[in-house]
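Student: Any chance you can model this:
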Amino acid sequence: MRPVREEREEGDAAVVTADLISRARAGDADAFRALTEPYLRELQVHCYRMLGSLQDAEDALQDTLLAAWQGLDGFEGRASLRTWLYRIATNRCLDARRAAGRRPATGWNVPGTEPPEPTRLGEVVWLQPFPDGLLDGATMVPPGPEARYEQTESISLAFVTALQVLPPRQLAVLILRDVLGFHAHEVAGMLGSTVESVTSALKRARAGLQRRLPAAGREPPPAAGSPAEDALVAKFARAWESEDLGALVALLTDDVFMSMPPMPFEYEGREVVARFCAILFGAGRRYDLVPTRANAQPAFGVYLRDPAGLRRGTGLYVLTLSGDRICAMTRFDNSVLPWFGLPRSLPGR
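Tutor: From the prediction side, this is the model:
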């Protein structure tokens, strides 16, 4: 039997929610804000997983709130308010994916350098990093009993990238079922579908995701903020800032992978990644790195020193770790630096 105190607290919360809904339906914007604010961070992360873009996720979240505000009279309470908001957000993201189509890749944008021949051209070029500062409170929400992935694993760049290749409906089903842990009948209700259709889409989505995720058996990364992670990240920063190519290459796995959305160039293998880094280090270039975190992974804002002494932001590098090595590097352009509280340039030394 459940404790009387616990039942009383749940009853009190239901009364408060009902009062807020009543006031919000009457046009009280503060009541609507109080209703929805507890879910904003997790909904933003949900939209990011769906769209692979922080900008698009924010747009979808605002569309979700507007639709919820305008449609609050249609909320009948048969599902929880959280489930209702996820239904709206998921469908807004599906609309956004259909409207966006395939975004074009951009050309090489590093002046004065020519990249080596890429290993391949990537399928996913519209991808943006997600600042860890926006994860606070979002990944702490316990998933439902159906979830198969840890919350931090499912925000990693490798996972989010693999999601973007899935057909939109399969993508939505997999996130709702395997990441958030909603029951099949709940997902069917969100998507206006049947349990059988959801089950079939999930089976196909799981197969598609596994084909694109890194192979099983790779060593797990050290814990975030642990001495092991700090030591590895510090070695990377020293090697990059001192242009010590040998020290940098020693930190890489044999199958290290490098990508740079929205440019489609991808490099796989220590030798070709080393050639790419050697080009960046060439012509006397010197860099300064400012640490941050993205997608629950270590990251750096990278600043190039110019002849006048100004340090100009050239991009953001996100590292994927495996054991005591780096197994992937993802470069984003300098437009994302402000999302991490990093300036476009630093004063000269």
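
Student: So what's the gap between the longest strand seen in the chain and the chain middle?
Tutor: Using DSSP state E to define each element, the chain has its longest strand at strand 311-322. Using CA atoms, centre = their mean, to the nearest Å, the distance from the centre of strand 311-322 to the centre of the chain it belongs to is 15 Å.

Student: Report the strands that pair with that strand, each with its relative direction.
Tutor: Next to strand 311-322 in the sheet, as set by DSSP bridges, lie strand 297-305 (antiparallel), strand 325-333 (antiparallel), strand 345-346 (antiparallel).

Student: buried residues in that strand?
Tutor: Neighbour counts using 16 or more other CB atoms under 10 Å place 311, 313-322 of strand 311-322 among the buried residues. C-beta coordinates here come from the backbone N, C-alpha and C atoms, glycine included.

Student: quick one, phi/psi of Ser156?
Tutor: phi -60, psi 150 (degrees, to the nearest 10).

Student: just the strands paired with strand 311-322: most buried one?
Tutor: strand 297-305 (a mean of 23; mean count of other CB atoms under 10 Å).

Student: low pLDDT regions in the stretch 1-150 of the chain?
Tutor: By pLDDT under 70, the low-scoring segments of the stretch 1-150 of the chain are 1-16, 100-103, 139-141.

Student: Would you map the helices across it?
Tutor: Defined through DSSP state H, counting those that start in this stretch, the helices belonging to the stretch 1-150 of the chain, from first to last, are 4-25, 29-36, 40-51, 54-70, 81-100.

Student: Of the ones you listed, which is nearest Pro222?
Tutor: Distance to Pro222, taken as CB to CB, is lowest for helix 40-51 among the helices of the stretch 1-150 of the chain, at 23.2 Å.

Student: From the contact counts, what lies against that closest one?
Tutor: When contacts are defined as 3 or more CB pairs under 8 Å, 6 or more residues apart in numbering; DSSP states H and E, helix 40-51 sits against helix 54-70, helix 81-100, helix 157-164.

Student: Would you confirm that Leu85 contacts Pro38?
Tutor: No. Taking CB atoms under 8 Å as the contact criterion, Leu85 and Pro38 are not neighbours in contact, 10.1 Å apart.

Student: Which one's more surrounded, those two?
Tutor: Here Leu85 and Pro38 are compared on neighbour count by other CB atoms under 10 Å; more neighbours surround Leu85, at 24 against 12.

Student: which one of the helices of the stretch 1-150 of the chain is the most hemmed in?
Tutor: helix 40-51 (a mean of 23).

Student: is it true that Ser259 lies in a strand?
Tutor: Yes. In this structure, Ser259 lies within a strand as judged by DSSP: H, G, I helix; E, B strand; the rest coil.

Student: and the gap between it and Ala34?
Tutor: Computed as CB to CB, to the nearest Å, the Ser259 to Ala34 distance reads 42 Å.

Student: try Phe332
Tutor: With distances defined as CB to CB, the gap from Phe332 to Ala34 amounts to 35 Å.

Student: got it, and His185?
Tutor: According to CB to CB, His185 and Ala34 sit 29 Å apart.

Student: ditto for Val198
Tutor: Summarising the geometry, the distance separating Val198 from Ala34, computed by CB to CB, is 32 Å.

Student: now the buried residues of strand 311-322 in a markdown table, with pLDDT and distance to Leu213?
Tutor: Converted to a markdown table, the buried residues of strand 311-322 look like this (pLDDT from 0 to 100; distance: CB to CB, whole Å):
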| residue | pLDDT | distance to Leu213 |
| --- | --- | --- |
| Arg311 | 92 | 37 |
| Gly313 | 94 | 31 |
| Thr314 | 92 | 29 |
| Gly315 | 94 | 25 |
| Leu316 | 97 | 23 |
| Tyr317 | 98 | 21 |
| Val318 | 98 | 17 |
| Leu319 | 98 | 18 |
| Thr320 | 97 | 12 |
| Leu321 | 97 | 16 |
| Ser322 | 96 | 13 |
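
Student: Right, I'll call it a day here.
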